[in-house]
Structure formats: structure tokens, C-alpha cells
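# what's the 3D shape of this:
(2 chains)
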Protein chains: 2
Amino acid sequence: MIEIPARRGRALRLRNGQKARIVNTNGQQVVDTWALNADDLGEFMSMEHSRVAIGRIIPGVGDALVTNKRRPILTMIEDTSGGIHDTLFAACDRWRYELLGHQGHHDNCTDNLAAAMQELGLAAPETPAPLNLFMNIPVLDGNRVEARAPVSTPGSYVALRAEMDCIIAFSACPQDMIPINGLAMRPTEAHVEVLD
Amino acid sequence: MIEIPARRGRALRLRNGQKARIVNTNGQQVVDTWALNADDLGEFMSMEHSRVAIGRIIPGVGDALVTNKRRPILTMIEDTSGGIHDTLFAACDRWRYELLGHQGHHDNCTDNLAAAMQELGLAAPETPAPLNLFMNIPVLDGNRVEARAPVSTPGSYVALRAEMDCIIAFSACPQDMIPINGLAMRPTEAHVEVLD
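A predicted model of the protein is given here:
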């Protein structure tokens, strides 16, 4: 099991057909997730293209997330977390925390993606909208969105199968100013396991 | 009045405080809309950041759309079209039409953005998810999305005020294979008027 440290990112390579099992070790921890074509980092998993492809805003078991070229890159093959994930919200960034009133540096998922890619000697060409695993953003009355605590329990997981050789990147979201990582607002680590 | 020709794009400069009134000349025509900071094209209107900022998936009068640096770039100040717009779906592209079964070239909003920017001697660094004015993508039961015909009537419009000097770009969506531009599936022109 590979750790995604609390408030930090982690990227790794997946070959076509390999699976990544993302474990919500302590429960209620959001894990921002990205995937990029290993042979062309300009092609990456896109939430706005995936919503068109799957006809829903929340992917479920059997759904293939697609790239900005509309090709499947990850298929959700297992989910024991309650099926609540988010595709609507941007990764948090320094400006998000500034607007919430934080002064000085705050860990954030955007910087975590960049740092995780850099550990592999790579750079993402942009920060795509992430697949926010375990994040609970209901759409109420067909329009209003609310940021709620996750429903996922400790040890629950999602498994994603690579549909091409790809880089998969994660950030254990460091949000501690609103209860998106649970009412305790205490970000924790998560884990990922790669299966052949 | 500046024409956005049927199936084509158009970009123009807006100074901070100027307004663009986008007229749905014939009704039921989707107009993909982008905005980029005139001084830094790497900062652009972002749907995933705007949903966080406004707390809804559909902007309404008084809402400020924000950039990928979470700064207001366009505020919706008028809307006579029925208030139905989309922030969830990617701009159409060559792959969208290929997947729908079209063979050979098909006009598409992604290429239209690039061509419209090029007419100003500029290039967008990527194709941001657009604000799809007049596009009707309801979220049903908090999850399922459906592509429906617009509710906008001929001559109805949306007015957007620039909150910084920006490039605003449009595409009169050439989608003619599903009824997103009305049941007749016949893309038409739209118009834009710049007001001080």
C-alpha cells in the first residue's frame, strides 16, 4: 500500500489494464484524482467531457471517465464508499484559501498535483478539474450546490482500471477551513494499492 | 450588432466595465462563451471555479463568473432568455462528432474558439470548459444529465459585464446531430452588441 500523506499529493504510473484501489483509510477524506495519458500529457481525464460521456455528474461502477479527446482513460470498477463523489468543483488552490481568510501559505491540491508530477520528473500542462473521490457536493433543486461532509467510512475504497498507459495522481485534500473532509476539519492520509 | 455566424466563432475585446449583450437572434441557438484576461491569457473564466464561487451550477443575474485564479471576470447583469444555461458540458469537438457517427470534418466549438482567437492574432492556451449560454442540460434526481432543446425565444438575450480587460469569445454551436439547438437541429447565427 502506497501512502498519500495527509495534505499531500502522490503520482504513479499505471499500465493499461492495471487497477488502482484508492482507500479512504480514516474515512471522510477527499482524494482529488487526475489521470494523464503517459504518452501525451496534453491528453488527460476531463470532467466536462466525462459528464457528457456517462450522462451523469457522478460516475458509478462501470462508468468510463474519458479524456479531453473523449477516449476512456479510467473505468470505475468497484466502489464500497457509498457512491458519492464530485466532478463539479475545481481543485483547491492558494486563492481558495486566501478567499476563505487564510493568511500565508496553505497546502492545496493544485500545488500537490504539480509536486507529485515533479517527483516523477513530469509536469502537467494545466490543472484539469479533478475527479474528487469521496467528496460530497449534492446538486439541490437541479441548481444549488452544497459542500457537505463525505459519507465514506474508514477503509472503504474505489477501484479504477486504466484504459491506457497513464499517470494517475492524487491529493489528500488539505481543506481544513470548511467541513469537506468531515466535521472535524482534520485532513488525514489515504492509501492507494496497484493491482495487476 | 456584430454577427456570430451560424456554426462559427467570434472573439472581441472588452474593456473593464464594458458590457456584451448576446442576442439569441432566432431563439434556441446555443452560444458557447469564453473569457480570457487580456493581459494574461493563462487566466480565463473557469466553470469549475465559478460553481464554487456562486454556489450553483447555473449562473443568474448578479452572479460573477470567476477565473482559474478565482477573480471575477464577467458578471451576468441581464437575462431575458429564461435563465437556462449550462456549465457542465465541454465544448463540442471533432471527437464528439466522430463518436456520434459523423464522417469527415464537422464544424465544432473547440475549433471555432481557436479560429476566433487567431483572427485577433491570439491563441488560447487551452480550451476551457465554456459557459454554454442558452444550453439546456437539466440535472435530474441530483445526478442524471439530459441534453434538451433550449427554452430561449427569438431576440432574447444575456448581458455580461467585464470585470477586467478581457477577450470574450463565442461560438454559435454547430451541433446538428442532437437537438441541443432545438428540435429542428438547424444551427443559426447569433449576435453580440458591445455597450459602454
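
# going by C-alpha atoms from here, please, whenever you check contacts or count neighbours.
Will do.

# quick one: mean pLDDT for the longest helix seen in chain A?
Using DSSP state H, we find that the single longest helix of chain A is helix A:109-119. Across helix A:109-119, the average pLDDT comes to 98.

# and the next element down the chain from that helix?
Following helix A:109-119 in sequence order, the next helix or strand is strand A:131-133 (DSSP states H and E).

# quick one: buried residues of that following strand?
Within strand A:131-133, the residues that count as buried by 16 or more other Cα atoms under 10 Å in any protein chain shown are A:131, A:132, A:133.

# tell me the bridge partners for the first one.
Taking DSSP bridges as the rule, residue A:131 bridges to residue A:33.

# and it, what is it in contact with?
Applying Cα atoms under 8 Å, 6 or more residues apart in numbering or on different chains to residue A:131 gives the contacts A:32, A:33, A:34, A:47, A:85, A:86, A:87.

# swap in residue A:140?
A:146, B:142.

# look up how far residue A:21 lies from it.
30 Å (Cα to Cα, to the nearest Å).

# cool, and residue A:73?
According to Cα to Cα, residue A:73 stands 15 Å off from residue A:21.

# between those two, who's got more neighbours?
Taking neighbours as other Cα atoms under 10 Å in any protein chain shown, residue A:73 and residue A:21 compare with residue A:73 leading, 25 against 21.

# what residues does chain A put near chain B?
Residues of chain A lying near chain B by Cα under 8 Å from any Cα of the partner chain: A:48-49, A:51-52, A:55-58, A:69-70, A:88-90, A:95-96, A:129, A:138-146.

# need the buried ones from the residues you listed selected in PyMOL.
Restricted to buried positions by 16+ other Cα under 10 Å, the PyMOL selection for these reads:
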select buried, chain A and resi 48+49+51+52+55+56+57+58+69+70+88+89+90+95+96+129+138+139+140+142+143+145
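
# next step: the residues of chain A next to chain B restricted to strands.
A:139, A:140, A:144, A:145 (DSSP state E).

# so how far is residue B:143 from the first one?
When Cα to Cα is applied, the distance between residue A:139 and residue B:143 equals 8 Å.

# for the second one, same thing?
As for residue A:140, its distance to residue B:143 is 10 Å (criterion: Cα to Cα).

# equivalent analysis for residue A:87, please.
Per Cα to Cα, residue A:87 is found 11 Å from residue B:143.

# please enumerate the shared neighbours of the two.
Common neighbours of residue A:87 and residue B:143, using Cα under 8 Å, 6+ apart, are A:57, A:58.

# for the closest residue to residue A:108 other than its chain neighbours, what are its contacts?
Take residue A:108 and drop its neighbours on the chain: the residue closest to it by Cα to Cα, 6 or more residues apart in numbering or on different chains is residue A:93, 5.1 Å away. Residues near residue A:93 by Cα under 8 Å, 6+ apart: A:108, A:109, A:110, A:111.

# ditto for residue A:86
Contacts of residue A:86 were listed using Cα under 8 Å, 6+ apart, and they are A:57, A:58, A:131, A:132, A:133, A:134, A:135, A:136, A:137.

# residues contacting the first one?
Applying Cα under 8 Å, 6+ apart, one finds that residue A:57 lies in contact with A:51, A:86, A:87, A:88, B:143, B:144, B:145.

# now tabulate those in JSON lines and tack on pLDDT and distance to residue B:190.
JSON lines is the format used below for those (pLDDT from 0 to 100; distance: Cα to Cα, whole Å):
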{"residue": "A:51", "pLDDT": "98", "distance to residue B:190": "27"}
{"residue": "A:86", "pLDDT": "98", "distance to residue B:190": "34"}
{"residue": "A:87", "pLDDT": "98", "distance to residue B:190": "31"}
{"residue": "A:88", "pLDDT": "98", "distance to residue B:190": "29"}
{"residue": "B:143", "pLDDT": "98", "distance to residue B:190": "31"}
{"residue": "B:144", "pLDDT": "98", "distance to residue B:190": "29"}
{"residue": "B:145", "pLDDT": "98", "distance to residue B:190": "26"}
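
# taking the residues you listed, tell me the two that lie furthest apart.
Pairwise distances across those peak at 14.3 Å for A:86 and B:145 (criterion: Cα to Cα).

# need phi/psi at the residue nearest to residue A:108.
Torsion angles at residue A:93 (phi, psi; degrees, to the nearest 10) stand at phi -150, psi 170.

# against residue A:185, how distant is it?
Using Cα to Cα, residue A:93 is found at 17 Å from residue A:185.

# what does residue A:113 give?
Distance, residue A:113 to residue A:185, using Cα to Cα: 21 Å.
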